[in-house]
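Q: After the sequence you'll find the predicted model.
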Amino acid sequence: MKNYDIIQHVRGESQFIDDINVPHGTLYAYVFYSPAAHGKILSLDLEYAASMKGVKRILTFKDIPGQNQIGGIIPDEPLLAENEVHFIGMPIAIVIAESKFIAKEASKNIKIEIEPLPVITDPREAFKNGKLIIPPKYFSCGNVEAAWKDCDVIVEGQCETGGQEHLYLETQGAFAFPVEGGNIKIVSSTQGPTAVQRVASKVLGIPMNKIEVEVLRLGGGFGGKEDQASPWAAMAALAAFKMKRPVKLILPRHEDMIMTGKRNPYSSDYKIGLNNEGKILAYEATFFQNAGASADLSPAVLDRTLFHCTNSYYVPNVKATGYCCKTNLPSNTAFRGFGGPQGMFVIECAITKAAETLGVEPSFIQRKNLFKDGDEFHFGQKVEHSRAQISWELAVKKFEPNKISQRIEKFNSENQNFKKGFAFMPICFGIAFTNTRMNQANALVNIYTDGSVTYSTAAVEMGQGVNAKIREVVSRVFSISHDRIKTEMTNTSRSANTSPTAASSGADLNCNAAYNACIAILDRLKKSALEEIDGEDLNKVEIKDEFVFYDKVNTGLGWNELIEKTYPKRISLCEYAHYATPGIYFDTKTNKGHPFKYHVYGTSIIEATVDCLRGIYTIDSVQAVHDFGNSLNPVVDLGQAEGAILQGLGWMTIEELIYNKEGKLLSDLLSTYKVPDMHFAPKNMEIIFLEEPNPVGIFNSKAIGEPPLMYGIGVYFAIMNAVKAFNPNKEFKFSAPITPEKVLMNLYQKENSMNESDVNRKKVFETVK
Amino acid sequence: MQPHFMTSKINFILNDELIETEINPATVLLDFVRNQRLTGTKEGCKEGDCGACTVLTGELYNGDIKYRSVNSCLIPLQNVTGKHIVTIEGINQNDDLLNPLQQAFVDEGASQCGFCTPGFIISLTGFFLNNTAEDNFSVLDALDGNICRCTGHNSIIRAAETISEKFKFILNTNGTKLKYLTDNKIIPEYFLSVKNRLEKLKSENSSNMPFSGTKYFIGGGTDLFVQRPDEMLSSDISFLSGNINLTGIIEKDGKCIVGSSTTVTELLESSIIKRIIPGIDRFAELFGSTPIRNSATVGGNLNNASPIGDMTAFFMGLNSSVILKNGNSKREIPLNKFYKGYKVTDRNPDEMMEAINFTIPSVNYFFNFEKVSKRTYLDIATVNTAILINVENGSITNVNISAGGVGPTPLYLFNTCNFLNSKELNFKNIKEAITIADSEITPISDARGSSEYKRLLLSRLLYLHFITLFPEIINLKDTL
């Protein structure tokens, strides 16, 4: 199972947007953005900048021929600011010049006057001021109010999770050029080619069929290029359209960090009730989601928070409320997990606090409440083929948490300077776009007369190995070598009206569409083969290892020969097929239904060591039993699991987005926003494949992209437990990420004098390096 | 202003090709190679923090070529004069075959989106070219300047460890190493001819060292090209890199003298420094990353005047002085009097820092350096501090303590040191000293932490100096 993309990667031959050899005469665009988080634009003086040598033109909203509107779910987001600005980094003008250097230099000479308006960065403050992007959302089951009185223990509290910068290594960008007949072609680094096409069409005021969007591959996406690749593509298209010349627009890293949205930070309230046996009877949670300045995907992210608010646990009485709060930050957006992690963290905090009160380990409560078949999710879907308990029990068997616990206890009693802690983290994550209509895909498969094959789907390759999987499906259906198969670039002309590659569903949807196309061709090939071998029973024909078999005997008719003989008979060697995920539905009025095709489960145990002298920590081990189904490509799936876990660990620990009261991002460079590096990665990462076949997955496989990220949540509690081993009397506030700062403060503070969620940052020097 | 070195010629070997260019010498190497359509070298951050642009620079050194990994986004073209620059395209085998390092990455799935991958392969190649068995330098340390956002790094670690184990024998083959590397197809054949070609270049270039600008002195460029790359293109610059009068570490009259253009790597590899500070390997890896250390100069770090410069804390802890030179006149000023305010030093614009020196401590001395940052490796300090202390018969005879990140400039804790001098080394005095230290710092809240945190952190790190150096006198429990 060769991964063809990697072979190019290691030779440095894979092309990304900025690597395209652009034609002579290409212009370069730079985006001038708002320096203020909220205000009225009093004046915008472009004159001097536009007159600079090498500057071709500066475009503002006035130059947009179509609509100045890019909102996906709600039309609340202009491409370029008109009279008001709503966050620092909001695009205002596009400077087009002969070089990227000139374009950037010119933008420094644009003068803008902004009358400041009040800035809100905190979602609870936005809520108090009535700034909600959509009406509140309620998910519930049972009767929480009635259930409280049956509970032996009730705890409540507040917790915070921070945002997360995607930090795809390839920044946002696009290359657009005019094509004859008033058409535009856009090469975009996007997870959603159709979204780019739709937005560009709207902005340019021309039909979608005049815009062709192509995607080579992405240098990472993680959700950050699901909807948020569109504005840059639309701007490049607008510039190319206006200038009638090719235009390249690549965001420099600093601009990318300032201008684009991130994982939504949340502030949440919880209340949980259990009986003395540790059974959860009722759970109430209220989520204040920091959406940023416009809707973007936040309403859908909030949905998933509500869907996953009980994580892997059956709770008979649930009341979950979500507020999508408008603040003066860049519009936050999809990020691997899509609101799920934010929801799960809250119930893990609730369980931790309940365990303290009950005097048991959190794992006791976790284990007791795991989903089993026949339970019902709070949104009405029945639990089927649950792997929650089996993965937990296998983790216990393989990793022997009792021994870990004893070893840690011994270590902590013998060591003064270092303390260890560990925690369990089970996961349960639903697979499908929760917006049912997005669960469709199509695929084009061509067999050429020489027997070579191409396929084209809407799947965007961003390192997740989706093409290795689709190729595997094509190879298995035709029973031909991977070497015969080529992946075509994702392109809206070959694959129209597609959903973004997101929600862990890219492989599932596109493999199924490719499967349908291959099966249709295979049926025709078998009929053709039957004629060639003078057979009688079509059911006895099969293609195996590139040969036609009849009644299990190799007929000697090879793949190439079969194709050669089929074409002259005027039988199509090509197929365009569609796939729609069966059996899913959801009623958005009652918030009940069967939104997910299936769920992915797993259990991890995470161990960390805190250096009590310095307040820093190492993540020693992440051990997990993960529900892979029958993997289509174990190397790819393991890589996805490991990568997702490290991203989850980073989100919980050192990845800290810090905004000041003026709405300015302070951690706006790689020197101030730290993602995990090689030394941060756990020394021991052990992932056991739970290979229970998935009855509804293609070739019994399961989706992989997002779920393992949520194992990372466990590290928060592992570190917390280590800190408590040093400073047992400290009452912990649940506030992620648990940075070295919070660790040191918690190690040495005797009481809670610091408000961790809002570390006071009054005075700020410019970033110092 | 038109800088007058604009016409000077820059010659170097790029992969297998001789480059002669008259391009602006402040153009960064990354932009240059990408304009040559060598697009395997990627722009990820343009501040030396991701490693996607890593290339190798090879330079004649003691009759051999020394290859080092560097961040091409921060190297001005002038600094590659006369060197061999290797990009990913320059290590590919001519046919479409993968070399063993590349194959190991494929086998382990150590590449996902692929954007960071060429940088990792280059760093790994640098490890084989640069390291010998006795370096005791792990293959993972060679990758400390590269960030991958997809894989979680585990597959990369597996690939790197497999390959370093497989080719371990090559690290022992000093003189004939290049031959072994080409025979095993880790690098292409043409590497064998590079030494002669560099020697030829050297004789042609001779003393073509532009030394005329006055606005900026650039050493490695790892700070100025982060802070103001655009301004560099139109500035009047003196490039100091490669000036042999400014590099090297010597001992003279009881002093250790470090040329200002000495790179951090050269400092850490110096046998003199290793002898004076036996434990230096322990904290050396906390300074930047391998590619940054390979470019960044000691003088650059000191002059940059960042309150959290690691070299500054290190040398201030050693109670160093700096030599400033203007034409033929020189003056020496203690480092602890060099900083006048945030990013302001005592250096006049027409003065150049020539060297840093410190008195070599003789007997009964102890040195320690501590740094805490959000991420332990490849990060900038939240707080750093160094201590040099002499203790005789239980009494402190001399002490120097530096502290970074707790004021607008790198600090020398004068009051704290004054208090401790001539005092008995005991817990009570240490505790009181740390209270004094707290009164002479003025940390602010910023992206690296709140002021309360920085105060607490410095006090913990000061305790840690003593806990580390004098475990029989003080332990963590005492401090609670």
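A: All right, it came through fine.
Q: With only the CA atoms kept, save stretch A:142-151 in PDB.
A: Below are the C-alpha coordinates for stretch A:142-151, written out as PDB (Å, rounded to 0.1, in the frame of the first residue of the first chain):
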ATOM      1  CA  GLY A 142     -35.400  13.000  30.400                       C
ATOM      2  CA  ASN A 143     -36.200  15.600  33.100                       C
ATOM      3  CA  VAL A 144     -33.200  17.100  34.800                       C
ATOM      4  CA  GLU A 145     -35.100  19.100  37.300                       C
ATOM      5  CA  ALA A 146     -36.900  16.000  38.500                       C
ATOM      6  CA  ALA A 147     -33.800  14.000  38.600                       C
ATOM      7  CA  TRP A 148     -31.800  16.200  41.000                       C
ATOM      8  CA  LYS A 149     -33.800  15.000  43.900                       C
ATOM      9  CA  ASP A 150     -32.800  11.400  43.300                       C
ATOM     10  CA  CYS A 151     -29.100  12.300  43.300                       C
END
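Q: Touching it from outside, list them.
A: Residues outside stretch A:142-151 that contact it (Cβ atoms under 8 Å, 6 or more residues apart in numbering or on different chains): A:154, A:273-275, A:281-284, A:316-319, A:378. Yep, even glycine has a C-beta here, placed from its N, CA and C like the rest.
Q: low-scoring pLDDT stretches of the stretch 1-150 of chain B, where are they?
A: Scanning the stretch 1-150 of chain B for pLDDT under 70 picks out B:1-7, B:134, B:136.
Q: Neighbours of the closest residue to chain A within it, how many?
A: The stretch 1-150 of chain B approaches chain A most closely through residue B:40 (2.2 Å), counting by Cβ to the nearest Cβ. The burial count assigned to residue B:40 is 29, neighbours taken as other Cβ atoms under 10 Å in any protein chain shown.
Q: Tell me which residue is most central in chain A.
A: The residue lying closest to the centre of chain A (Cα atoms, centre = their mean) is residue A:336, at 2.4 Å.
Q: Quickly note the distance from it to residue A:475.
A: 28 Å (Cβ to Cβ, to the nearest Å).
Q: Now residue 255: closest residue in space, sequence neighbours ignored.
A: Since no chain was named, I'll use chain A. In space, and not counting its chain neighbours, residue A:255 is closest to residue A:31: 6.9 Å by Cβ to Cβ, 6 or more residues apart in numbering or on different chains.
Q: Wait, chain B was what I had in mind.
A: Closest to residue B:255 by Cβ to Cβ, 6+ apart is residue B:357, at 4.8 Å.
Q: Count residues in the vicinity of the closest residue to residue A:122 other than its chain neighbours, would you?
A: Leaving aside its sequence neighbours, residue A:122 sits nearest to residue A:327 (Cβ to Cβ, 6+ apart; 7.0 Å). The local packing of residue A:327 (other Cβ under 10 Å) involves 28 other residues.
Q: Now the residue of the stretch 101-250 of chain A found nearest chain B: phi and psi?
A: Closest contact between the stretch 101-250 of chain A and chain B, by Cβ to the nearest Cβ, is at residue A:219 (3.3 Å). Main-chain torsions, residue A:219, degrees, to the nearest 10: phi -80, psi 60.
Q: ok, now residue A:176?
A: Main-chain torsions, residue A:176, degrees, to the nearest 10: phi -130, psi 140.
Q: I'd like to know the beta-bridge partner residues of it.
A: residue A:186, residue A:247 (DSSP bridges).
Q: Name all residues that make contact with it.
A: Residue A:176 touches A:184-187, A:233, A:236-237, A:239-241, A:246-247, A:249, counting by Cβ under 8 Å, 6+ apart.
Q: now the top helix by length along chain B, how far from the centre of its chain.
A: In chain B, assigned by DSSP state H, the helix with the most residues is helix B:451-469. The chain centre lies 24 Å from the centre of helix B:451-469; the measure is Cα atoms, centre = their mean, to the nearest Å.
Q: One more: stretch B:275-286?
A: 14 Å.
Q: which parts of the stretch 201-350 of chain B sit against chain A?
A: Along the stretch 201-350 of chain B, the residues adjacent to chain A under the rule Cβ under 8 Å from any Cβ of the partner chain are B:223, B:226-227, B:230, B:233, B:306-308, B:342.
Q: Any chance of those residues in TSV with neighbour count, secondary structure and pLDDT as columns?
A: Formatted as TSV, those follow (neighbours: other Cβ atoms under 10 Å in any protein chain shown; DSSP: H, G, I helix; E, B strand; the rest coil; pLDDT from 0 to 100):
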residue	neighbour count	secondary structure	pLDDT
B:223	24	coil	90
B:226	21	helix	90
B:227	16	helix	87
B:230	13	helix	87
B:233	18	coil	87
B:306	23	coil	95
B:307	25	coil	96
B:308	21	coil	95
B:342	14	coil	96
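Q: Of those, just say which sits nearest to residue A:433.
A: Distance to residue A:433 across these (Cβ to Cβ) is lowest for residue B:226, with 41.0 Å.
Q: neighbours of whichever residue of chain A sits closest to chain B, just the number please.
A: Across chain A, the shortest distance to chain B (Cβ to the nearest Cβ) belongs to residue A:12, at 2.2 Å. Neighbour count for residue A:12, taken as other Cβ under 10 Å: 25.
Q: now residue B:269
A: Neighbour tally, residue B:269, other Cβ under 10 Å: 14.
Q: any idea how far it lies from chain A?
A: Remark: distance between residue B:269 and chain A (Cβ to the nearest Cβ, to the nearest Å) = 21 Å.
Q: and the contacts of stretch A:142-151 as JSON lines, adding neighbour count and distance to chain B?
A: Output for the contacts of stretch A:142-151, formatted as JSON lines (neighbours: other Cβ atoms under 10 Å in any protein chain shown; distance: Cβ to the nearest Cβ, whole Å):
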{"residue": "A:154", "neighbour count": "17", "distance to chain B": "34"}
{"residue": "A:273", "neighbour count": "25", "distance to chain B": "36"}
{"residue": "A:274", "neighbour count": "28", "distance to chain B": "35"}
{"residue": "A:275", "neighbour count": "13", "distance to chain B": "39"}
{"residue": "A:281", "neighbour count": "22", "distance to chain B": "38"}
{"residue": "A:282", "neighbour count": "24", "distance to chain B": "37"}
{"residue": "A:283", "neighbour count": "27", "distance to chain B": "32"}
{"residue": "A:284", "neighbour count": "24", "distance to chain B": "33"}
{"residue": "A:316", "neighbour count": "17", "distance to chain B": "37"}
{"residue": "A:317", "neighbour count": "22", "distance to chain B": "38"}
{"residue": "A:318", "neighbour count": "25", "distance to chain B": "33"}
{"residue": "A:319", "neighbour count": "21", "distance to chain B": "36"}
{"residue": "A:378", "neighbour count": "23", "distance to chain B": "32"}
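Q: Residue B:235 contacts residue B:216, doesn't it?
A: Yes. If you go by Cβ atoms under 8 Å, residue B:235 and residue B:216 touch, sitting 5.5 Å apart.
Q: and residue A:647, what does it touch?
A: A:164, A:222, A:336, A:676, A:709, A:712, B:149, B:152 are the contacts of residue A:647 under Cβ under 8 Å, 6+ apart.
Q: between these, which is nearest residue A:516?
A: residue A:336 (27.9 Å).
Q: and that closest one, that one's in a strand?
A: No. The assignment for residue A:336, made by DSSP: H, G, I helix; E, B strand; the rest coil, is coil rather than a strand.
Q: Surely it and residue A:223 touch.
A: Yes. If you go by Cβ under 8 Å, residue A:336 and residue A:223 touch, sitting 5.5 Å apart.
Q: still on that earlier bit, nearest to residue B:97 among the residues of the stretch 201-350 of chain B next to chain A?
A: residue B:226 (37.6 Å).
Q: give me the beta-bridge partners of residue A:161?
A: Here residue A:161, judged by DSSP bridges, has bridge partners residue A:266, residue A:736.
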